[in-house]
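Q: predicted model, plus sequence, below.
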Amino acid sequence: MNPTQHLGARPAPAPRERSHAHGHPHGHSHDHAAIASRHRLAIALALTSTVLVAEAIISMLTGSLALLADAGHMLTDSAGLVMALTAAHLSTHPATDRSTWGLRRAEALGAALQAGMLSVVGTVVALQAVRHLITAPPVQAHGMAAMGVIGLVANIVALLVLAGGRGENLNTRAAFLEVLGDALGSVGVIVAAAVVALTGWDRADAVASLVIVALIVPRAAALLRQAMRHLMDFTPEDLDLAEVRAHMSSLEHVEAVHDLHAWTVASGLPVLTAHVVVRDECLRDGHAATILDRLQECAAEHFPVRIQHSTFQIEPVSHLEHEPAYC
């Protein structure tokens, strides 16, 4: 498919003349990235699930809250990785007339669910840690330390597997964040075990749990915010829509730009639409096609967010009186 399609101006314009510019990036790179992402997520899920079972057993034997907190993170991460795998699979579904972007939004939805789950688990662990600070139940340091080391090794391997794809999309980034949280949890378990073994201060276990929560929850909140920006169709963060409007309005023969909208369907898929008002004669003398080319080049090349999917409706000045109030 030609990456650019144009509908040029007709010699005798009807009351509303529409011109569209669509740039379609090749789908093969997305498919390959999605397959690689699924492989990474599957390996991370296998590692996380194995450590989860081991930590749950050892936490009951040692009485360690920090270890149980880490197991809670592991449980959340396992569920999150399952969702991430599901979302990665759904995002490869082709577009249809009923779902014109395919299921690419599954990526942002999966990331939002993972971040939300991690925030809930963090809150529960924090409340439990405060209770343990008060009651200080005894813990077995040696079992904690051994399991912490095993968990840390598994998490480091999972991080290395996921690191290569964490910039691909929100879904993989969410999975990376969850495994990073587990790695930090394992470090906290090891440190707490060392403190308990050397000093006998059992509250170190609860303190380590609070540190783990403090490190993870803000990152989860930031990820949730970013996923919600995608789901709520907010303007991409690095795109100044006022600058876009001003730049397009400055193009020769363009009188005004209104109904300008930009949003992100999924990672790497920003979209922009606009109504562009031109002089009436531009629809008769062939300028409309040239204006359309320049508008698409402007969207695709001029701004920090390169927009390949853009749609422009070209309107004559005389049509403005038929337009509803616009911004």
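A: Nice, thanks for sending it over. Numbering: from 1, shown residues only.

Q: tell me the pLDDT at residue 167?
A: Looking at residue 167, its pLDDT is 60.

Q: so which elements touch the longest helix seen in the chain?
A: Longest helix of the chain, by residue count under DSSP state H: helix 27-62. Packed against helix 27-62 by the contact rule (3 or more C-beta pairs under 8 Å, 6 or more residues apart in numbering; DSSP states H and E) you find helix 65-90, helix 141-163, helix 170-199. Backbone N, C-alpha and C define where each C-beta goes, glycine included.

Q: could you measure from residue 235 over to residue 309?
A: In this view, residue 235 and residue 309 are 15 Å apart by C-beta to C-beta, to the nearest Å.

Q: so where's the stretch 151-300 of the chain uncertain?
A: 164-169 (pLDDT under 70).

Q: quick check: beta-bridge partners of residue 254?
A: Beta-bridge pairing for residue 254 (DSSP bridges): residue 278.

Q: thought it was touching residue 274?
A: No: assessed by C-beta atoms under 8 Å, residue 254 is found out of contact with residue 274, at 10.3 Å.

Q: any residues in contact with both of these two?
A: residue 248 (C-beta atoms under 8 Å, 6 or more residues apart in numbering).

Q: residue 97: which element?
A: Per DSSP states H and E, residue 97 falls between elements, in no helix or strand.

Q: for it, give me phi and psi.
A: Per-residue torsions, residue 97: phi -70, psi -20 (degrees, to the nearest 10).

Q: so residue 259: helix, strand or coil?
A: strand (DSSP: H, G, I helix; E, B strand; the rest coil).

Q: tell me how far the residue lying closest to it once chain neighbours are set aside lies from residue 315.
A: Using C-beta to C-beta, 6 or more residues apart in numbering and skipping the chain neighbours, the partner closest in space to residue 259 is residue 275 (4.3 Å). Here residue 275 is placed at a distance of 6 Å from residue 315 (C-beta to C-beta).

Q: more neighbours, these two?
A: Remark: of residue 275 and residue 315, residue 315 carries more neighbours, 26 against 21, as counted by other C-beta atoms under 10 Å.

Q: closest one to residue 52 among the helices and strands packed on helix 27-62?
A: Closest of the helices and strands packed on helix 27-62 to residue 52 is helix 65-90, at 3.8 Å (criterion: C-beta to C-beta).
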